[in-house]
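J.: Could you work out the structure for the sequence below:
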Amino acid sequence: MSVSSGVPSKNELRAAALARRDALSAEQRAAAACAIAALLPSLEITSSTVVAGYAPIRSEIDPVPLMQSLAARGAALAMPAIAARNAALTFRRWTPGDALVRGVFGISEPPVTVAEVVPDIVLVPLAAFDRAGHRIGYGAGYYDRTLAQLRDRKPVIAIGLAFAVQEIPQVPALSHDVRLDYVLTEAGLFSFGK
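T.: As a prediction, this is how the structure comes out:
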C-alpha cells in the first residue's frame, strides 16, 4: 500500500487484479469467454456497425467468441493497431481466421495492407474495473487516448471485457481516464448509463 495515504495505488490495484486473473485456469478463462458472448447488451447492430476487439495477451479474456456473436448479428469486425508510442490506436478490418502479424510492440494486429476503419463499438481489455465504469489498464494510456479521440468524432460505445475477479471497489480515476459504457464479465453485465 502507498505509505503516504494507506490507500492502494493504481499500480498496486493493477498487480493484485492481474494476479487474480493469472490464477484462473485455462478452462475457467475459456468458459468465461463463451459466457460473455451470451451476455451481450441489447445494442443496435446493423451491417454498418463496426466492432473493434483485440488480440488477447497474457491471461486476458478472449473476445473472439463475443466478436463472432456480433458478426453473426451483422457487425463488421476490426482489430487495433499501435501506430506509435503515446498515439491513439488505429483500427483495421478483421474477420475470424484472418492472419494477424506482430506489430511494433509485439502485439498481434492486422497487417498494414488491411483497410482502416472507425469503430462504433470498442471492446476494451483491462486489468481492473469498478462499478462506476472506471478501469485500470496497463498504464500506457492507449485506450484512454483512443476513446477520447474517437468520441470527439462521433458517439462510440466502450465495453470493458474482464473476469469477475478483476472487479475492485474503486478505481482511483483521474481526469483523463475515460469511462466505459459497460463491463461484461462471466458473472454478468454492468451498465454505466450516461
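
J.: State the number of residues packed around the nearest residue to Ala173 once chain neighbours are set aside.
T.: When the adjacent residues along the chain are set aside, Ala173 lies closest to His134, with 4.3 Å between them (Cβ to Cβ, 6 or more residues apart in numbering). Glycine gets a C-beta too; all of them are placed from N, C-alpha and C. Counted with other Cβ atoms under 10 Å, residues neighbouring His134 total 22.

J.: what about Gly141, how many residues close to it?
T.: When neighbours are counted by other Cβ under 10 Å, Gly141 comes out with 15.

J.: Look up how far Arg135 lies from it.
T.: According to Cβ to Cβ, to the nearest Å, Gly141 and Arg135 sit 12 Å apart.

J.: Phi first, then psi, for the one residue sitting closest to the centre of the chain.
T.: Geometric centre of the chain, nearest residue: Val124, 1.2 Å, by Cα atoms, centre = their mean. In terms of degrees, to the nearest 10, the main-chain angles of Val124 are phi -110, psi 120.

J.: and it, what does it touch?
T.: Tyr54, Arg135, Tyr143, Leu147, Ala158, Ile159, Gly160, Leu161, Leu180 (Cβ atoms under 8 Å, 6 or more residues apart in numbering).

J.: any idea how far Ala99 is from it?
T.: Val124 is 24 Å from Ala99, by Cβ to Cβ.

J.: before we move on, what about Ala37?
T.: To Ala99, Ala37 is 23 Å away according to Cβ to Cβ.

J.: what's the helix or strand for the nearest residue to Pro96 once chain neighbours are set aside?
T.: Counting by Cβ to Cβ, 6+ apart, Pro96 lies nearest to Gln68, which is 5.7 Å off, once chain neighbours are set aside. Using DSSP states H and E, Gln68 falls within helix 64-72.

J.: Find the residue closest to the residue nearest to the centre of the chain in space, skipping its chain neighbours.
T.: Gly160 (4.8 Å).

J.: what about the one you found, how many neighbours?
T.: Residues contacting Gly160 under the criterion other Cβ under 10 Å number 27.

J.: for Val183, same thing?
T.: Residues within reach of Val183, counting by other Cβ under 10 Å, total 27.

J.: Alright, I will stop here.
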